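Student: using only what follows, build the 3D model:
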Amino acid sequence: MQLPQKVLITDVVARDGFQNEDRVIPTQDKIRVIEGLVQAGVTSIEVTSFVHPRVVPQLADASEVIAQLPRHAGVSYSALVPNIKGAQRALAAGVTELHLVVSASESHNRANLNRSTQETLAQLAEVISYVQQENPQAVLVTCISTVFHCPFEGRTPLARALWVIEGLLKMGIRNINLADTDGAANPLQIWQTISTVKERFPEVTWSLHLHNTRDMALANALAGLQAGITLFDCALGGIGGCPFAPGATGNISTEDLVHMLHEMGIATGIDLAMLLSKGE
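Tutor: Reported below is the predicted structural model:
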């Protein structure tokens with residue numbers, strides 16, 4: 001079994017985790033959670049999304065969250081931006097790592113972004129060009145949702161994912177996040193997909209975003225590790241989910257993934273005991 005010696009964890013609880021909560025979480029509580037993650041040794045955190053407040057009221061305080069973030073050397077904060085207006089708001093707030101999104105499946109892209117996948121790719125080209133012009137040092141990561149399975153269409157053909165990846169590469173994207181949006185992927189599919197894209201597109205840095213709808217997230221993470229993935233998204237407490245993926249449950253739990261990695265001798269730089277105390 002070939003496994004990496006170290007893995008970088010990006011905790012997405014402050015964005016993906018909180019966006020599905022019915023009760024509006026005060027900004028100061030969000031900051032407290034983020035600070036707790038930093039204290040536990042998490043060095044990469046997706047902290048919010050600059051989506052329109054009417055779409056996700058929970059994240060209406062995106063600019064306020066960015067303004068109040070605890071600043072620590074070696075800690076990077078990122079934010080999801082759905083369109084050019086979101087990118088403008090994010091850059092104005094001082095965000096230096098922007099996460100973009102497109103779905104591999106047509107139905108989910110229309111449900112999530114209200115347009116076709118091709119239209120979203122064209123829009124992303126505009127966003128990327130704008131960001132590169134305004135802040136050439138900004139890091140751009142594109143998440144491809146429903147890479148493995150779509151809640152409306154079923155299993156996503158690999159050819160569809162490859163088509164989206166090729167489009168992103170033409171725009172200059174070199175950081176791509178593969179998302180099991182509805183948590184329906186299986187370990188063999190994970191391994192086969194990642195092995196294929198890594199061989200076909202060696203210039204890309206890949207990361208994996210897993211949900212746990214069918215209790216296979218840890219098994220899928222292991223398959224990802226064996227295929228060479230060293231960057232994983234997860235959420236404190238395993239909460240979260242996509243509002244446009246019916247039946248999907250939360251993300252892979254940060255605590256569970258860190259525990260598994262440590263038991264396998266893979267370093268994360270995270271203090272598990274402290275992390276567990278922050279999730280109580």
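Student: the strands in the stretch 51-200 of the chain, which residues?
Tutor: Applying DSSP state E, counting those that start in this stretch to the stretch 51-200 of the chain gives strands spanning 76-80, 97-103, 139-145, 149-150, 154-155, 175-180.
Student: show me the contact partners of the second one.
Tutor: Under the contact criterion CB atoms under 8 Å, 6 or more residues apart in numbering, strand 97-103 has outside partners 46, 76-82, 87, 90-91, 109, 112-113, 117, 120-121, 124, 127-128, 131, 138-146, 150, 164, 168, 173, 177, 181. (Glycine included, C-beta is placed from N, CA and C.)
Student: which residues are in contact with the nearest residue to Leu168 once chain neighbours are set aside?
Tutor: Leaving aside its chain neighbours, Leu168 sits nearest to Thr142 (5.4 Å; criterion: CB to CB, 6 or more residues apart in numbering). Applying CB under 8 Å, 6+ apart, we find Thr142 in contact with 99-102, 124, 168, 173, 175-177.
Student: most neighbours, which of these?
Tutor: Highest neighbour count within the contacts of Thr142, by other CB atoms under 10 Å: Leu100, with 26 neighbours.
Student: that residue and Val42, how far apart?
Tutor: From Leu100 across to Val42, the span is 22 Å (CB to CB, to the nearest Å).
Student: now Gln2
Tutor: From Gln2 to Val42 the distance is 26 Å (CB to CB).
Student: and the two? Which one has more around it.
Tutor: When neighbours are counted by other CB under 10 Å, Gln2 and Val42 differ, and Val42 comes out ahead with 27 against 7.
Student: what sits closest to that one if chain neighbours are left out?
Tutor: Asp11 (5.1 Å).
Student: same question for Gln68.
Tutor: Closest to Gln68 by CB to CB, 6+ apart is Ile31, at 5.2 Å.
Student: and that neighbour, how many neighbours?
Tutor: Neighbours of Ile31 (other CB under 10 Å): 18.
Student: buried stuff in the longest helix anywhere in the chain?
Tutor: Taking DSSP state H as the criterion, the chain has its longest helix at helix 117-134. Neighbour counts over helix 117-134 (16 or more other CB atoms under 10 Å) mark 117, 120-121, 123-125, 127-128, 131 as buried.
Student: would you mind confirming that Met274 is in contact with Val38?
Tutor: No. Applying CB atoms under 8 Å, one finds Met274 not in contact with Val38, separated by 10.5 Å.
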